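show me how the following folds:
(chains A, B, C and D)
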There are 4 protein chains.
Amino acid sequence: MYAAFDREHLVPLWTEVGDLMPSEPRSRVLPHRWRWADLLAVARTAGSLVPVGRGGERRAIALANPGLDGRPFATATLWAAIQYLNPGENAPQHRHSQNAFRFVVEGEGVWTVVGGDAVSMTAGDFLPQAGWNWHSHINTSSGEMAWIDGLDIPLQLALEATFFEPGLEEPEAVDTPERSRSERLWGHPGLRPAEALPSSHGPPLLVYRWEHTDRALDDQLAFDDDRSVTAERGHAVVRYVDPVTGGDVLPTMRVEFHRFRPDISSATRRDVGSSVFQVFSGAATVEVGDQSWVVDRGDLFVVPSWRPWCVTASDRGVDLFEFGDAPVMERLGLARTRIEGPATSSAAGGER
Amino acid sequence: MYAAFDREHLVPLWTEVGDLMPSEPRSRVLPHRWRWADLLAVARTAGSLVPVGRGGERRAIALANPGLDGRPFATATLWAAIQYLNPGENAPQHRHSQNAFRFVVEGEGVWTVVGGDAVSMTAGDFLPQAGWNWHSHINTSSGEMAWIDGLDIPLQLALEATFFEPGLEEPEAVDTPERSRSERLWGHPGLRPAEALPSSHGPPLLVYRWEHTDRALDDQLAFDDDRSVTAERGHAVVRYVDPVTGGDVLPTMRVEFHRFRPDISSATRRDVGSSVFQVFSGAATVEVGDQSWVVDRGDLFVVPSWRPWCVTASDRGVDLFEFGDAPVMERLGLARTRIEGPATSSAAGGER
Amino acid sequence: MYAAFDREHLVPLWTEVGDLMPSEPRSRVLPHRWRWADLLAVARTAGSLVPVGRGGERRAIALANPGLDGRPFATATLWAAIQYLNPGENAPQHRHSQNAFRFVVEGEGVWTVVGGDAVSMTAGDFLPQAGWNWHSHINTSSGEMAWIDGLDIPLQLALEATFFEPGLEEPEAVDTPERSRSERLWGHPGLRPAEALPSSHGPPLLVYRWEHTDRALDDQLAFDDDRSVTAERGHAVVRYVDPVTGGDVLPTMRVEFHRFRPDISSATRRDVGSSVFQVFSGAATVEVGDQSWVVDRGDLFVVPSWRPWCVTASDRGVDLFEFGDAPVMERLGLARTRIEGPATSSAAGGER
Amino acid sequence: MYAAFDREHLVPLWTEVGDLMPSEPRSRVLPHRWRWADLLAVARTAGSLVPVGRGGERRAIALANPGLDGRPFATATLWAAIQYLNPGENAPQHRHSQNAFRFVVEGEGVWTVVGGDAVSMTAGDFLPQAGWNWHSHINTSSGEMAWIDGLDIPLQLALEATFFEPGLEEPEAVDTPERSRSERLWGHPGLRPAEALPSSHGPPLLVYRWEHTDRALDDQLAFDDDRSVTAERGHAVVRYVDPVTGGDVLPTMRVEFHRFRPDISSATRRDVGSSVFQVFSGAATVEVGDQSWVVDRGDLFVVPSWRPWCVTASDRGVDLFEFGDAPVMERLGLARTRIEGPATSSAAGGER
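Now for the predicted structure:
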């Protein structure tokens, strides 16, 4: 019978049901941490050896989760890479169906040009870029610059849905104003242009500036004894949203920023779906599944689907940038969260 | 037969069809203009003669459209009033199903307290207040203050849907910080609290500050030669939106702010639904149906449903605050707009 | 001061607040009942005296609520009329922004032609017709026919949003098949055409046949001891929905059909918004506010906004057709319901 | 440098960009056809050798696409299997996060019990079952029965989102009425219970009967010279929808039924996303990519993402059942379709 199965390209359920339908998600993804210093060193080496241009497209070096057979995937759905440009270098224009963003942990001097709108990139800025928008990067400064790219490459490969199209090889001649067109039209709180038609796919706001994120986190933390505002005392979280809809900034990625007061611990939680975190400032001890690391400025780590995780801030506190695939789970009706234990403060007295 | 109709409480269609089903809206509302100086004078007189408190609830004096039989309705669906508080006076707490807002054409020193959150009111600020939120007003200053209230009282009376409940007679003891809790949680562009539960009905942002509106208008006007940004050259329009949904700030009222460059004229247009405008700064000549007025700072005027209107800014330009019932029309599938003629610039050359 | 108010077209709030902002809706609409026999008698008289054609448009005789100053409005938002055609008579084509429907309490032989699709009308059928669809009625039979028209005329007048356009004076030459095109494309449970584009505004299904409604009511009643299915034992309610959205069949009107087992009473309830009921079969005692009537086949009655009402079926049970303005209240955020007392069975034992 | 990449779990983009970001989807899935006779023979053998019960859960034998390394996946996102029960056999209760359905190409006598509601399965019936509903299968007849199961197992594995929970081992004692509770409450065209709360996750209608599908296809085909009804002359398509929303019957699967008149060919088209087809009756020649087969009753074939396909019906016409992952693509903003050539009739004259 089993020979007949093979011959006919058939496989019985009963021998595989445990692997196909486990009682809860068994992620192949491993908890892992990458150090920013290592990433930056490798990127600089590549900067001296590997040119940027048509074909290779970007000098981007991706996190390859140790559980994923050497493939350049941070998790089953997410791509994360460090991208690096030498002074005066440009990355050519292209567009793709993948949703993408840039997050700048340090540095300045590069502009991402989206549909002719040049957007400056400085520390703490978040630049979403929904699929199928033309874009390039230009370094107009005399310094190097590195930043983080996040994309849904593994998701779109799994869904067999990916399109790519090369554009101009030379950078567009564009103005590089301090504030992009997108910010001037869409970056005012609670206001939108009454008539404006979208000039890009996805969110029309192309950069979320650090000054706003920083202030929003401080403001929220000021109300952290009100459980209707923050989930946990001493832990504020803001979410980047599309101002047109109020919903997640990208259709396949949720992007949030966490600020922990010194010595505060989060609850241990599990979520269906995976996330990648980067430390923006401060330091923390992180536990993910059976792993534990101390993470510092620029370090990245991944949380696999349904793996328990918690964060304990150092005595300097910690600011954490996070992106994950929660919108995929929510849009397909697959989201679940389990809070496994109460958060505990490592401060004396354990007030919660 | 007609006697039988009367006796049986019946009315034939055929004798009334022209009135019941006209070929296009025949608004009873008349185009009308109220001068701010007159309103303020009347309000000050009332301030010296009429106390504020439980029962009368507010020292508010409403625009009574001349076409509406002396009823205190600016249009068939909208209420607009000047509200006035003497130094140190308070207006008691209540809540109602009517959606409301405050717009401040001049002055400062009053706080609107919504659900315990005190929100300062200063020139150019817009304070939405969705139905059924507890609210009061307190004047903590040594000066008088007047502002505009907009509500959907006529709409809710016509729909027989109105509820009201009195609250505390004495003002709540509240902090009066420079920035309200609502602004600190919800007033950051493109960001929302990840966990926050709404503490009020409707939009959680309780004030839209003038500095943002002013900047958004200037920014938009900088792109006014791009027809995908502004409908007309020299005429910017921003809309107040609920940051949770990106949609209109109130379920029954659209609120927008216009800025015209000097000497610019709008197109003549008609819309199903009515609006009330107030000049915030500058001056303009306004034509509504067969009426025409020169309007200046603080002046209000109404545009009835389906009546053609246009604005020509003075040589100082004009800033116009507008609220209307467009969301009602859109939610019920009744919206229509007709642009009757191209806008013409009064500047030499008439380039559009 | 009050003279100044008058002169300036101003009205103070404090003298009118009780009328403008009552603690709960004070409907001007009176509970009232119209007898089908009286309506039919009047309609037949009109049939012999008044022609049908362009100008008068329809031989429709409207319920004029005694609380509404002789205007032909069943409630503040709803129009209800008996329409009557002699053998071979036609009502000319027109279209209007008002949403409309036909409900057939008895008879047959008339076709409503909507956008070229002829729909037969027989007892128990419900024919929705969203605004701005071209339509006419043709009586191809040798008998008279009368039915009920429901429209949102008062609502659209109050909103000053009404448009009307006359069409062909002579009936379109159309086929009159047993099943309309709309039913053949959209009348299959849980199925829709994969590619079909809408050929009319609003719901593409132009008739909801009695056989389906009747069966759905019987089927639901079979589960009436399950409180997750029916709100009350012995009382089934089905709602007409747009198959494209699953939502209310018309944007401004909710239409439902009730079936009560013999001797069953409903709970007493109040709703924001008004309704018109017609007895389709059986009989009942109805209490609305301070009124009470025994109603029989074809009789109509109105329930004003926020007025308590309940129904007790006769020993034959009762089938009740109902239409109301609930979608308006829901879309504008104004809906409220209060169940004032438990339903009581008039059967011995009062098992609930 | 590349050694450092390896050591640090990093992979450069530039060496892999062509594979990671191809210009259009490169599906690993191969066009393939399985013959019903072969499937049935294998299933019967399994019926005589392999018991059904807890652990193996179901006697289901899955299509294993030859491009997917022997895994039991019909496409990258879809599972399709033949399930088989001997007379009197039962499959135990369980629930899982995977969305599922049954489609019956022939036979009768089995009931799927969902949340206590027993639903009979007969030829042509489609039974959707959204994730996390308890369900079992019971064969109450004296005959064998086989049917097709479709699930989103590969999708949920790729997303690492899968949950499973075993339930009762013995069949629930349930009534097996001709019409299920779900049909009686939710199976009436254009009608819904006004009060009913959902008793299951996802669509409350648990079976879509062949009589309705058959009639809907015939009805639609009658209008096939109207391009607003069918995309192609001689080719009708109906879609199974959730009556509560009007949208796709399952959040991750679109399910449709095609009927082709004799000798009619479809256009050649490509879609992002994959599909599985089963011939329900008639026969056809199918081209998918570089493959071509003649398919007959019960045969299944897969169309990989973005692979061109077309169907030419035999001189008996053909009825085709189809399910695919289109809702995933639409919900995530990834849907694209390209119609590559006009449909051509193989009938003499090529009238289109």
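
which residue does the stretch 101-250 of chain A bring closest to chain C?
A:Gly246 (16.8 Å; C-beta to the nearest C-beta). All C-beta atoms are positioned from the backbone trio N, CA, C, and that covers glycine.

quick check, that residue in contact with B:Pro243.
Yes - applying C-beta atoms under 8 Å as the test, A:Gly246 and B:Pro243 come out as touching, 6.1 Å apart.

list residues touching both of those two?
Counting by C-beta atoms under 8 Å, 6 or more residues apart in numbering or on different chains, the shared contacts of A:Gly246 and B:Pro243 are B:Arg192.

pick out whichever of those two has more residues nearby.
A side-by-side neighbour count of A:Gly246 and B:Pro243, using other C-beta atoms under 10 Å in any protein chain shown, places B:Pro243 first with 23 against 15.

so who does the closest residue to chain B within the stretch 251-352 of chain A touch?
With C-beta to the nearest C-beta as the measure, the residue in the stretch 251-352 of chain A that lies nearest chain B is A:Glu256; the distance is 5.4 Å. Contacts were defined as C-beta under 8 Å, 6+ apart; by that measure A:Glu256 touches A:Val237, A:Val238, A:Arg239, A:Tyr240, A:Glu322, A:Phe323, B:Ala194.

which strand residues bridge it?
Listed beta-bridge partners, A:Glu256: A:Arg239, A:Glu322 (assigned using DSSP bridges).

what's the first-to-last distance across stretch A:82-89?
Criterion C-alpha to C-alpha, to the nearest Å; first-to-last residue distance in stretch A:82-89 is 16 Å.

which residues are contacting it?
Outside stretch A:82-89, the residues that reach it (C-beta under 8 Å, 6+ apart) are A:39-40, A:42-44, A:46-47, A:52, A:58-61, A:91, A:102, A:109-110, A:137, A:139-149.

ok so, going back, possible to save the contacts of A:Glu256 as a markdown table with pLDDT and neighbour count?
Written out in a markdown table, the entries for these read as follows (pLDDT from 0 to 100; neighbours: other C-beta atoms under 10 Å in any protein chain shown):
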| residue | pLDDT | neighbour count |
| --- | --- | --- |
| A:Val237 | 98 | 23 |
| A:Val238 | 98 | 28 |
| A:Arg239 | 98 | 21 |
| A:Tyr240 | 98 | 24 |
| A:Glu322 | 98 | 18 |
| A:Phe323 | 98 | 28 |
| B:Ala194 | 96 | 19 |
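
out of those residues, flag the one nearest to A:Tyr208.
A:Tyr240 (5.4 Å; C-beta to C-beta).

now do the same contact list for that closest one.
Shown in contact with A:Tyr240 (C-beta under 8 Å, 6+ apart): A:Phe126, A:Pro128, A:Tyr208, A:Asp248, A:Val249, A:Val255, A:Glu256, A:Phe257, B:Gly190, B:Leu191.

with distance to A:Pro308 added, can I get those residues in TSV?
As requested, those are exported to TSV (distance: C-beta to C-beta, whole Å):
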residue	distance to A:Pro308
A:Phe126	27
A:Pro128	29
A:Tyr208	30
A:Asp248	24
A:Val249	27
A:Val255	22
A:Glu256	18
A:Phe257	22
B:Gly190	31
B:Leu191	28
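
tell me which of these fall in helices.
Within the contacts of A:Tyr240, no residue falls in helices by DSSP state H.

could you dump those into a markdown table and include pLDDT and distance to D:Val114?
Conversion of the contacts of A:Tyr240 to a markdown table gives the following (pLDDT from 0 to 100; distance: C-beta to C-beta, whole Å):
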| residue | pLDDT | distance to D:Val114 |
| --- | --- | --- |
| A:Phe126 | 98 | 45 |
| A:Pro128 | 98 | 41 |
| A:Tyr208 | 98 | 45 |
| A:Asp248 | 97 | 32 |
| A:Val249 | 98 | 38 |
| A:Val255 | 98 | 38 |
| A:Glu256 | 98 | 37 |
| A:Phe257 | 98 | 43 |
| B:Gly190 | 97 | 43 |
| B:Leu191 | 98 | 43 |
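
quick check, nearest of those residues to A:Leu78?
The shortest approach to A:Leu78 among those belongs to A:Val255, at 11.2 Å (C-beta to C-beta).

my guess is the closest one contacts A:Asp325, does it?
No - under the contact definition of C-beta under 8 Å, A:Val255 does not touch A:Asp325, with a separation of 10.9 Å.

these two: which has the busier surroundings?
Relative neighbour count places A:Asp325 above the other of A:Val255 and A:Asp325, with 27 against 24, counting by other C-beta under 10 Å.

so what pLDDT did the more buried one get?
The per-residue pLDDT reported for A:Asp325 equals 98.

how far away is A:His201 from A:Arg33?
Remark: distance between A:His201 and A:Arg33 (C-beta to C-beta, to the nearest Å) = 34 Å.

is chain B contacted by stretch A:163-175?
No - using C-beta under 8 Å from any C-beta of the partner chain as the criterion, no contacts between stretch A:163-175 and chain B are found, and the smallest distance is 11.9 Å.

circling back: tell me the buried residues within the contacts of stretch A:82-89.
Among the contacts of stretch A:82-89, those classed as buried by neighbour count (16 or more other C-beta atoms under 10 Å in any protein chain shown) are A:39-40, A:42-43, A:46-47, A:52, A:58-61, A:91, A:102, A:109-110, A:137, A:139, A:144-149.

burial measure for A:Glu169, as a count.
The local packing count at A:Glu169 equals 12, with neighbours defined by other C-beta under 10 Å.

err, A:Val105, not the other one
Summarising burial for A:Val105: neighbours were counted as other C-beta under 10 Å, giving 22.

tell me which element the closest residue to it other than its chain neighbours is part of?
Sequence neighbours aside, A:Gly298 is the residue nearest to A:Val105 in space, at 5.0 Å (criterion: C-beta to C-beta, 6 or more residues apart in numbering or on different chains). Taking DSSP states H and E as the definition, A:Gly298 sits outside all helices and strands.

among the contacts of stretch A:82-89, which are in helices?
Secondary-structure check on the contacts of stretch A:82-89 using DSSP H: residues within helices are A:Leu39, A:Leu40, A:Val42, A:Ala43, A:Arg44, A:Ala46, A:Gly47.

mind checking how far the first one is from chain B?
When you say that, I think you mean A:Leu39. Using C-beta to the nearest C-beta, to the nearest Å, one obtains 27 Å as the distance from A:Leu39 to chain B.

and the stretch 201-350 of chain A, which residues reach chain B?
The interface of the stretch 201-350 of chain A toward chain B, taken as C-beta under 8 Å from any C-beta, is made up of A:203, A:205, A:208, A:212-213, A:215-216, A:219-220, A:222-223, A:228-231, A:236-246, A:249, A:256.

can you go through those and name the buried ones?
Among those, those classed as buried by neighbour count (16+ other C-beta under 10 Å) are A:203, A:205, A:208, A:212-213, A:215-216, A:219-220, A:223, A:229-231, A:236-244, A:249, A:256.

partners of the worst-scoring helix or strand of chain A on mean pLDDT, with directions?
Every helix and strand of chain A was ranked by mean pLDDT, DSSP states H and E. The lowest is strand A:337-341, at a mean of 88. With DSSP bridges as the test, strand A:337-341 is paired with strand A:268-271 (antiparallel).

count the residues that sit near the closest residue to A:Ala335 other than its chain neighbours.
Leaving aside its chain neighbours, A:Ala335 sits nearest to A:Met329 (4.1 Å; criterion: C-beta to C-beta, 6+ apart). The criterion is other C-beta under 10 Å. On that basis, A:Met329 has 23 neighbouring residues.

surely A:Met329 forms part of a helix?
Yes - using DSSP: H, G, I helix; E, B strand; the rest coil, the assignment for A:Met329 is a helix.
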